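Visitor: please work out how this folds:
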Amino acid sequence: MKKQYYLITILLLFSVNHVFSQDFWEQLYFPDSSNIYSITIDNQQELIIGTESGVYRSIVNDTNWDYLGLNNEIVHSVAVNFNGDIYAGTSRSLNNPKGLFRSTDNGASWNNVLHDIDAYGNVAKIFAIGDTIFVSLWMEGVRLIRTTDNCQNWDLVFSNNHVSEFISDIIKINTGAIYISLKAYSDSMGGVYKSTDDGDTWEFAGLFNHMVSGLDFNSSGDIFAGVWGWGGPEGHPGLFVLRNGQTDWDTLIWGPQVSDVVINSDDDIYFTSAWPLGVVRSLDNGETFELINEGLSSGLKDNIVCNVEGFLYVTSIITLDKSINTTVSISEKHISTTKKQWMVYPNPFKDILTLKPNRDNKSLGMIKINIINQTGNIVTSKKFLSSKNEIRLNLYNLISGMYILEIESENNI
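Guide: You can find the predicted model right below:
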């Protein structure tokens, strides 16, 4: 019988220096009865959170909460404009087919602000800047509506009839260009679109057939797109970047199911991931990545935001976590070094995987190599002396799939 070769992809290569053995995160109190669906930060750097039963705002250093109303409404999205007006997007219902609400008095009262427009559906995303508001609606297809006069009139500026697709994120970069991401659950959908005329017209910007879940940009004008999964034959999960001035997206990391992405003021990259579960970061513009789950509460992480001081907030459906320290202006950054210490090839590979230390990395002593599957279980574990010129792993017994390669030495994992 002809031997069957399995295509195995090494997904992530993390090196976590022991300096991070202390907790990176702390869990914040949030009312246990309220499932979390959305989060934003207002002009006073307080958290605004949308839940299955209305809107909450943090007070007193995120330790206490005010309930702002919209009882019995499932709030999928929240936003705050420059004037301090709070917007909340809800699920479509028979009693409320057009669920976009606004409060101009800090949540004391709410008004439905969708007037005389045929587009409606679940309000998936709100982007507010001044009197201009973009709203993503999802029901019978993709709908993006816009107001430029403080919600007096609305225009339909982007639409299609793909019922298994919606606009997941909206950003406006320093040049004034607007980008939207489409998260699709079927073939021949998904990707990123761009407008250079405030939303009047749109052009396709790439990542066709990708389930794009989140967007952000850095100070250089590079656009980052987190992809949750396969939207079609060309698509695959991971983090992608469209460098300023380029037309093609580069893959920064292949494999993680990215839920949301944020770039802090130091241009460090952070994203939440469904697999590997938790939060991943890069301190070197996407050259290397590492998990930072120390102290993070359990559960699938959805949204991640960063305030002006550089503190990160991460939500799951029932938990809220905050970085213990600011993530910006750190005097010394301990970045992942495994990628620089080892060459690992080929990737993807069949049967044999080769690990070769670089010239400055041949005396780490005994190392342990773990191959970890998508459920987090170690399927193969071997020990070697790293002084060898190279290490060859015979992994013919693995089934086809995606794996994490973990290299453990005396000082690093």
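
Visitor: how many neighbours does the closest residue to Glu234 other than its chain neighbours have?
Guide: Among residues not flanking Glu234 along the chain, Asn209 sits closest, at 4.5 Å (C-beta to C-beta, 6 or more residues apart in numbering). All C-beta spots, glycine's among them, are computed from the backbone N, C-alpha and C. If you count neighbours by other C-beta atoms under 10 Å, Asn209 ends up with 18.

Visitor: now Asn209: how far from Lys183?
Guide: 12 Å (C-beta to C-beta, to the nearest Å).

Visitor: cool, Asp105 as well?
Guide: Asp105 is 34 Å from Lys183, by C-beta to C-beta.

Visitor: just checking, Asn285 touches Asp267?
Guide: Yes - using C-beta atoms under 8 Å, Asn285 is in contact with Asp267, at 6.7 Å.

Visitor: okay, those two: which has more neighbours?
Guide: Comparing Asn285 with Asp267 by other C-beta under 10 Å, the one with more neighbours is Asp267, at 17 against 14.

Visitor: more neighbours, Asp105 and Lys183?
Guide: The neighbour comparison of Asp105 against Lys183 (other C-beta under 10 Å) goes to Lys183, with 24 against 10.

Visitor: heading C-terminal from the one helix or strand that one maps to, find the next helix or strand.
Guide: Mapping Lys183 onto the secondary structure by DSSP states H and E places it in strand 178-184. Counting by DSSP H and E, the element after strand 178-184 in chain order, helix or strand, is strand 191-195.

Visitor: follow-up on the earlier one: next, show the common contact partners of Asn209 and Lys183.
Guide: 190, 231 (C-beta atoms under 8 Å, 6 or more residues apart in numbering).

Visitor: who does the residue nearest the centre of the chain bridge with?
Guide: For the chain, the residue nearest the mean C-alpha position is Asp260 (1.6 Å; C-alpha atoms, centre = their mean). Per DSSP bridges, the residues bridged to Asp260 are Thr272.

Visitor: how far out from the middle of the chain is the strand holding Lys183?
Guide: 13 Å (C-alpha atoms, centre = their mean, to the nearest Å).

Visitor: contact partners of it?
Guide: 134, 136, 142, 144, 158, 162, 164-173, 189-196, 198-199, 202, 205, 209-215, 223, 225, 228, 231-232.

Visitor: which parts of stretch 402-409 are buried?
Guide: Residues of stretch 402-409 classed as buried by neighbour count (16 or more other C-beta atoms under 10 Å): 402-407, 409.

Visitor: which stretches of the stretch 251-400 of the chain form strands?
Guide: 258-263, 269-273, 278-282, 290-291, 304-306, 312-315, 320-323, 342-345, 349-350, 352-357, 366-372, 378-385, 391-394 (DSSP state E, counting those that start in this stretch).

Visitor: dump the ones you listed to TSV, plus distance to Leu242.
Guide: Formatted as TSV, these follow (distance: least, C-beta to C-beta, whole Å):
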stretch	distance to Leu242
strand 258-263	13
strand 269-273	14
strand 278-282	16
strand 290-291	23
strand 304-306	20
strand 312-315	23
strand 320-323	27
strand 342-345	27
strand 349-350	29
strand 352-357	31
strand 366-372	31
strand 378-385	35
strand 391-394	35
